[in-house]
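Undergrad: Model the structure of this input:
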Amino acid sequence: MSAQVCQPPAEHSGLLRFLSALFYAGSSFLITIVNKTVLTGFRFPSYMCLGIGQMVTTVVVLYAAKKSNTVQFQDFDRSILFKIFPLPLLYVGNHITGLASTKKLSLPMFTVLRKFTILMTMVLEVYVLRKTFPRRLVYSVLAIVLGAMVAASSDLAFDVEGYVFILLNDAFTAASSVYTKEKLDTEGLGKYGVLFYNALIIVIPTLLASAFTGDLHKVCNYVSLYIALYKKN
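TA: A predicted model of the protein is given here:
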């Protein structure tokens with residue numbers, strides 16, 4: 001089925017934009033807390049399999065919403081693969097490195113090092129979307145990044161692997177954000193379509209990767225252990 005013609009985005013009030021940003025910030029914070037609790041508090045053995053569970057949930061929820069006409073996005077056809085590439089690769093990279101860095105780093109340090117995403121996004125928007133930014137905004141971003149560097153320099157629990165994961169996550173997040181914006185402007189997929197097809201296309205390859213690396217086996221053992229402990233109690 002052909003894509004529907006995208007309508008120009010409606011203008012929203014300043015209050016609505018502020019509340020949307022506040023809701024996004026709160027949701028992002030809660031997701032980070034839940035991921036950290038699952039990976040460290042409950043000692044869940046695989047951040048890759050946790051990501052797979054979140055991808056499956058995304059597909060199921062958005063498909064149900066589409067069927068109930070709560071949201072609308074383009075039906076699947078072969079052109080979707082060409083329209084959306086390389087977003088699925090950026091999506092899975094962002095997802096897995098984000099969960100891995102959440103597991104490896106403390107939440108304060110994770111939050112601090114995520115500030116590099118702002119600078120990376122700004123640079124990519126200049127080169128990919130040909131945007132320009134006022135000097136005062138550039139100086140503000142540089143000050144934020146400098147503060148993050150100062151905070152990182154005093155990290156007593158320095159974890160090289162965690163730092164590599166978080167910086168990769170910053171890069172994937174920035175690239176995903178910029179290229180998603182480009183696709184929304186040019187391909188007519190819609191924000192829900194981009195989210196749905198990113199998860200749908202990449203979930204099976206990620207599942208196969210988890211089986212190949214042994215992560216899936218670890219999770220099966222983890223679940224079996226919890227079932228056995230539950231039965232004993």
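
Undergrad: all helices in the chain, in order from the N-terminus.
TA: 14-36, 47-67, 79-84, 87-104, 107-113, 116-128, 135-153, 160-186, 191-213, 215-232 (DSSP state H).

Undergrad: what angle separates the fourth one from helix 191-213?
TA: Using axes from the mean of the first three to the mean of the last three Cα atoms, to 10 degrees, the interaxial angle of helix 87-104 with respect to helix 191-213 works out to 60 degrees.

Undergrad: Among the helices of the chain, which one carries the weakest average confidence?
TA: Lowest mean pLDDT within the helices of the chain: helix 215-232, a mean of 77.

Undergrad: can you state the direction angle for that helix and helix 47-67?
TA: Using the same axes, to 10 degrees: helix 215-232 against helix 47-67 is 90 degrees.

Undergrad: how far is helix 215-232 from where the chain is centred?
TA: Its chain's C-alpha centre and that of helix 215-232 lie 27 Å apart, by Cα atoms, centre = their mean, to the nearest Å.

Undergrad: Which other helices and strands does it contact?
TA: helix 47-67, helix 191-213 (3 or more Cβ pairs under 8 Å, 6 or more residues apart in numbering; DSSP states H and E). In this view, the C-beta of every residue, glycine as well, is placed from N, C-alpha and C.

Undergrad: what does that helix rub up against?
TA: 44, 45, 46, 48, 49, 207, 210, 211 (Cβ atoms under 8 Å, 6 or more residues apart in numbering).

Undergrad: now, which of the residues you listed sits nearest residue 103?
TA: Residue 103 lies nearest to residue 44 out of those, by Cβ to Cβ, at 8.8 Å.

Undergrad: hang on, isn't residue 152 packed against residue 113?
TA: Yes: contact criterion Cβ atoms under 8 Å: residue 152 and residue 113 qualify, at 6.2 Å.

Undergrad: Provide a list of residues in contact with the residue lying closest to residue 90 once chain neighbours are set aside.
TA: Nearest residue to residue 90 in three dimensions, chain neighbours excluded: residue 176, at 4.1 Å (Cβ to Cβ, 6 or more residues apart in numbering). Residue 176 is in contact with 87, 90, 91, 93, 94, counting by Cβ under 8 Å, 6+ apart.

Undergrad: Put together TSV for the residues you listed, with distance to residue 57 and neighbour count on each row.
TA: As requested, those are exported to TSV (distance: Cβ to Cβ, whole Å; neighbours: other Cβ atoms under 10 Å):
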residue	distance to residue 57	neighbour count
87	19	24
90	20	22
91	14	24
93	19	19
94	16	23
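
Undergrad: Format those residues as JSON lines; extra columns: distance to residue 199.
TA: Below are the contacts of residue 176 laid out as JSON lines (distance: Cβ to Cβ, whole Å):
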{"residue": "87", "distance to residue 199": "11"}
{"residue": "90", "distance to residue 199": "13"}
{"residue": "91", "distance to residue 199": "7"}
{"residue": "93", "distance to residue 199": "14"}
{"residue": "94", "distance to residue 199": "12"}
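
Undergrad: closest to residue 168 among the residues you listed?
TA: residue 93 (7.2 Å).

Undergrad: Can you tell me how far the closest one is from residue 211?
TA: Noted for residue 93: a distance of 19 Å to residue 211, by Cβ to Cβ, to the nearest Å.

Undergrad: picking up where we left off before, mind checking which of residue 152 and residue 113 has more residues around it?
TA: Taking neighbours as other Cβ atoms under 10 Å, residue 152 and residue 113 compare with residue 113 leading, 23 against 16.

Undergrad: Pull the contacting residues for the residue nearest to the more buried one when sequence neighbours are not counted.
TA: Leaving aside its sequence neighbours, residue 113 sits nearest to residue 166 (Cβ to Cβ, 6+ apart; 4.6 Å). By Cβ under 8 Å, 6+ apart, residue 166 lies in contact with 97, 101, 104, 105, 110, 113, 114.
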